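Asker: Take this sequence and fold it.
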Amino acid sequence: MTTQYNPVTAEVIAELEKVVPGRVVVGADVNPDYSRDEMPIYGTRMPDVSVDALTTEEVAGIVKVCYEHNIPVTTRGAGTGLVGGCTPICGGVVICTTKMNKILSYDLDNFAVTVQPGVLLQDLADDALAHGCMYPPDPGEKLATLGGNVATNASGMRGVKYGATRDYVKAMTVVLPTGEITRFGATVSKTSSGYSLLNLMIGSEGTLGIITELTLKLIPAPKATVSLIVPFEDLSACISTVPKFKMNHFNPQAIEFFEKEILITSEEYLGKQVFPRKVDGSEVGAYLLITFDGDSQDEMDAIVERAAEMLLEEGAMDVLVADTPPKLKDAWAARSSFLEGIEEQTKLLDECDVVVPVNKIPDYVIFADELAKNYDFRLQYFGHAGDGNLHIYTCSNDMEKEEFLRQVDDFMSKLYAKTMELGGQISGEHGIGMGKVKYLAQALGETNMELMRGIKKVFDPKLILNPGKVCYNV
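Answerer: Modelled structure (predicted):
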């Protein structure tokens, strides 16, 4: 699926200036960050024009101009994506929504909050807590915008207990590729009212419409939280423990797994060691980081006691309790800095975030390790063990870029084939962007890809919105 776009002319720039006077940036003055997201390995491209939008009406006006002149439009928030999702690969106009950053209102009777798309995840988390509430989705990148989180359905570490970002989106205001403004969803608990256009938008990565307002579900904030740091001698024993949590009727907020190598990378980046490297003289090989939350400290104490007993029976070397704010902060800071640590120490980097059934995690990790022995790069990985979402990074500091790309492509094709063989999916939360379109097509087949292309055509007949992403190339 390809299309021809028109250039951005002086006439188009003048029309955009009428919509957003003083905020149209052209040519060499455009912020170079707007050419990419956090994974430039997939390629970069400068837009012809960038615009900072402040309102839904402004977004609609910009898009209407672009639709009339057949000019591609790419929307971006904080640019923290990892699949080239906001890279304007056809040039044209970039709309940045980071200045649409207001928390508009709370409806505490219905446990809902309405926000603009540029609100940062961390800002909503902190503000909701001040209102006695929690917004459960918790991706590792806390400086991502909520619009971007919803556009990729990025859910993060609490998914095992609280579900995906999709489960917390009640309603949204959307600007369609024609410039029309519409609203999907409502502040209700269920609906059987036709096709779910709301759910089509969630995870569509800005290819069907531009989200300009969100109404999100909140829950009462838990009154007590505790984390367990659980070292194991090897990764297999570590991951094999995870299914036992459900079997034993535990309900953890999060279960993260990682090997010692990536932990050391993160702690060196932070300049602080939090996790033990040895237990009773024996080397630690892997860790679980587990969080429980509930209504009281007494409840947490009872859960910790039962969980520790089960973990030790399953081969844990020790169970360390982080039950004070500083300990909790330090433990999760190390986990949240995995990507930053890798980026700081790696020249060439690519990644995938597959999701497999929880009981297949050990098989999958063993397969990835064995497969990687055929290549010149090294692997680093970690994951949301509770929901089977694994983050696997290919890293090199001494390969030539073209050779790295060739080897990674071969590796990823085989890795994704194994993903589907085990009943998994290509992405758990990062999305497809432009970096994974080929692999998605290989995994889903032509029938399903053509269905997605058909949906794209209905929403966006001129194919101007974030072209070259998710279901087709340009």
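
Asker: Spell out the secondary structure type for Glu57.
Answerer: helix (DSSP: H, G, I helix; E, B strand; the rest coil).

Asker: Begin at 25, not 1, for the rest of this chat.
Answerer: Happy to do that; since the first residue is 25 now, the last one works out to Glu81.

Asker: Can you pull the phi/psi pair for the nearest residue to it once chain neighbours are set aside?
Answerer: Leaving aside its sequence neighbours, Glu81 sits nearest to Ile205 (CB to CB, 6 or more residues apart in numbering; 7.6 Å). C-beta coordinates here come from the backbone N, C-alpha and C atoms, glycine included. Reported as degrees, to the nearest 10, the phi and psi values for Ile205 are phi -110, psi 130.

Asker: Check the burial of Ile205 by counting its neighbours.
Answerer: Other residues lying near Ile205 total 17 when counted by other CB atoms under 10 Å.

Asker: Ile205 reaches Thr80, doesn't it?
Answerer: Yes - counting by CB atoms under 8 Å, Ile205 touches Thr80, with 6.0 Å between them.

Asker: which neighbours do those two share?
Answerer: Common contacts of Ile205 and Thr80, defined by CB atoms under 8 Å, 6 or more residues apart in numbering, comprise 197, 199, 236.

Asker: For the last one, which non-adjacent residue is closest in space?
Answerer: For Thr236, ignoring the flanking residues on the chain, the nearest one in space by CB to CB, 6+ apart is Thr80 at 4.0 Å.

Asker: what sits against that neighbour?
Answerer: Residues near Thr80 by CB under 8 Å, 6+ apart: 197, 199, 205, 236-237.

Asker: between those residues, which is nearest Leu252?
Answerer: Glu237 (38.8 Å; CB to CB).

Asker: Angles on the backbone of the closest one, please.
Answerer: With angles defined as degrees, to the nearest 10, Glu237 sits at phi -160, psi 140.

Asker: Okay, and the beta partners of it?
Answerer: Following DSSP bridges, Glu237 is listed with bridge partners Thr197.

Asker: Tell me how far it lies from Thr80.
Answerer: 6 Å (CB to CB, to the nearest Å).

Asker: circling back to that earlier point, how about JSON lines for the shared contacts of Ile205 and Thr80, with pLDDT and neighbour count added?
Answerer: Shown next, in JSON lines, are those (pLDDT from 0 to 100; neighbours: other CB atoms under 10 Å):
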{"residue": "Thr197", "pLDDT": "98", "neighbour count": "22"}
{"residue": "Val199", "pLDDT": "98", "neighbour count": "27"}
{"residue": "Thr236", "pLDDT": "98", "neighbour count": "25"}
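
Asker: and after whichever strand or helix holds Phe281, which helix or strand comes next?
Answerer: Assigned by DSSP states H and E, Phe281 belongs to strand 278-283. Using DSSP H and E, the helix or strand that follows strand 278-283 in sequence is helix 284-294.

Asker: which helices and strands does that next one pack with?
Answerer: Here helix 284-294 touches strand 310-318, helix 349-360, helix 362-369, strand 402-408, going by 3 or more CB pairs under 8 Å, 6 or more residues apart in numbering; DSSP states H and E.

Asker: which residues in the stretch 325-474 of the chain form helices?
Answerer: Secondary structure of the stretch 325-474 of the chain, counting by DSSP state H, counting those that start in this stretch: helices at 349-360, 362-369, 385-396, 425-445, 461-468, 470-483.

Asker: any idea whether the residue nearest to Asn94 when sequence neighbours are not counted is helix, strand or coil?
Answerer: Of all residues not flanking Asn94 in the chain, Asn30 sits nearest, at 4.7 Å (CB to CB, 6+ apart). With three-state DSSP as the basis, Asn30 sits in coil.
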